[in-house]
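1. Show me the folded form of this:
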Amino acid sequence: MKILLFGKGGQVGWELQRSLAPLGELVAVGTNSQNLCGDFTNPEGIAQTIRTVKPGIIVNAAAYTAVDKAESESDLSRIINAIAPAILAREARFCGAWLVHYSTDYVFDGSGDKPWREVDSTGPLSVYGKTKLEGEQAILASGCQHLIFRTSWVYAARGGNFAKTMLKLSAERDTLNVINDQFGAPTGAELLADATAHAIRSALQRPEVSGLYHLVAGGQTSWHEYASFVIDVARQAGIDIKVAAEAILPVSTSAFPTAAKRPGNSRLNTSKFQNIFDLNLPPWQSGVIRMLTEILEK
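-> Numbers count the residues shown, from 1 in each chain. Below you'll find the predicted structure:
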């Protein structure tokens, strides 16, 4: 079976190249691929790629993720996050392929303090969230067999991430101000890729699992607690840290104005995913420690 992966160069796409390879013949494309179109600003070019490859599984790890920039580039965000996934769904339905797609906690309004369930009402606060929701809805309406995974706070050792930023700043500054009124679960690209591969294996045997799922690491934290955890692990590893633990100061979201409004509650309930696919999602701390071990040893 052929697996067509879009977005091979991103954090999740990079890990998916590893996790999907044992499942079949993997064809991975990115924005700059030469022979096959992987550019989501060219939806019909992507449709032609699918028709050429004739995959049994399409995995979409491509997205417009510049949350603040999307406020002024709404048309581009919509093309990449909504129109292109709609094309993928159309082509998947036409050729009988499964479509795997990643969405976000930003489809919710961030209210309350309970983890969001798949059946909860959406209410995105930003252009990014609205276009990601539109992409979800297009896939659901297409009739193709699909796995949509909403996730949050994604990181990887490869590329930039929040933890790396905190480590850099903690070595340079005497104090740090970090937001403490946004809550979620830092989720490793590696975990997403491995869980995706497992879910695909299951879906090929059980078509009835087609649907929408929440997929994040276990537990919850704030950005402030996350930063404090990262810096503490680094300090214990012998890394030179300038900022004292008590000088990592909690502040509200209003202290850092942004073009796009962020949801305060990004907690996602993963019970459906864990029950359907019989998987345990480990606590967020274990993945972060693994990532930190990798980057601190370089």
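
2. now the strands for the stretch 151-298 of the chain?
-> For the stretch 151-298 of the chain, the strands defined by DSSP state E, counting those that start in this stretch cover 154-155, 176-179, 183-184, 187-188, 211-214, 221-222, 248-251.

3. Buried deepest among those, which one?
-> Among the strands of the stretch 151-298 of the chain, ranked by average contacts under mean count of other CB atoms under 10 Å, first place goes to strand 187-188 (a mean of 26). C-betas here are computed from N, CA, C, even on glycine.

4. about what we covered before: Glu91 is nearest to which of the strands of the stretch 151-298 of the chain?
-> Glu91 lies closest, by CB to CB, to one member of these: strand 211-214, at 19.7 Å.

5. which stretch among the strands of the stretch 151-298 of the chain comes nearest Ile3?
-> Across the strands of the stretch 151-298 of the chain, Ile3 has its closest neighbour in strand 211-214 (19.0 Å, CB to CB).

6. Averaged pLDDT, stretch 132-145. What do you get?
-> For stretch 132-145, mean pLDDT is 96.

7. for the strands of the stretch 151-298 of the chain, which one sits closest to Ser103?
-> Going by CB to CB, the one of the strands of the stretch 151-298 of the chain nearest Ser103 is strand 211-214, 8.1 Å.

8. Paired strands for that closest one, with orientation please.
-> Strand pairing for strand 211-214, determined by DSSP bridges: strand 146-151 (parallel).

9. what's the spacing between the partner strand and its chain's center?
-> Computed by CA atoms, centre = their mean, to the nearest Å, the chain-centroid distance of strand 146-151 equals 10 Å.

10. repeat for stretch 265-281
-> For stretch 265-281, the distance to the chain centre is 15 Å (CA atoms, centre = their mean).

11. close enough to count as contact, Arg51 and Leu88?
-> No: shown here, Arg51 and Leu88 do not form a contact pair, counting by CB atoms under 8 Å, at 11.9 Å.

12. which of those two has more neighbours?
-> Taking other CB atoms under 10 Å, Arg51 and Leu88 do not tie; Leu88 has more neighbours (32 against 11).

13. So for the strand or helix carrying that one, what gets flagged as buried?
-> For Leu88, the host element (DSSP states H and E) is helix 84-95. Buried residues in helix 84-95, counted by 16 or more other CB atoms under 10 Å: 84-93.

14. Just want to check the distance between the residue located most distally from the centre of the chain and Val251.
-> Most distant from the centre of the chain: Asp174, at 32.2 Å, with distances by CA atoms, centre = their mean. Asp174 sits 16 Å away from Val251, going by CB to CB, to the nearest Å.

15. Over to Ala61?
-> In terms of CB to CB, Ala61 sits 33 Å off from Val251.

16. which residues of the chain fall in helices?
-> Taking DSSP state H as the test, the helices found in the chain are 11-20, 43-53, 74-78, 84-95, 127-142, 162-172, 189-205, 223-236, 271-277, 284-296.
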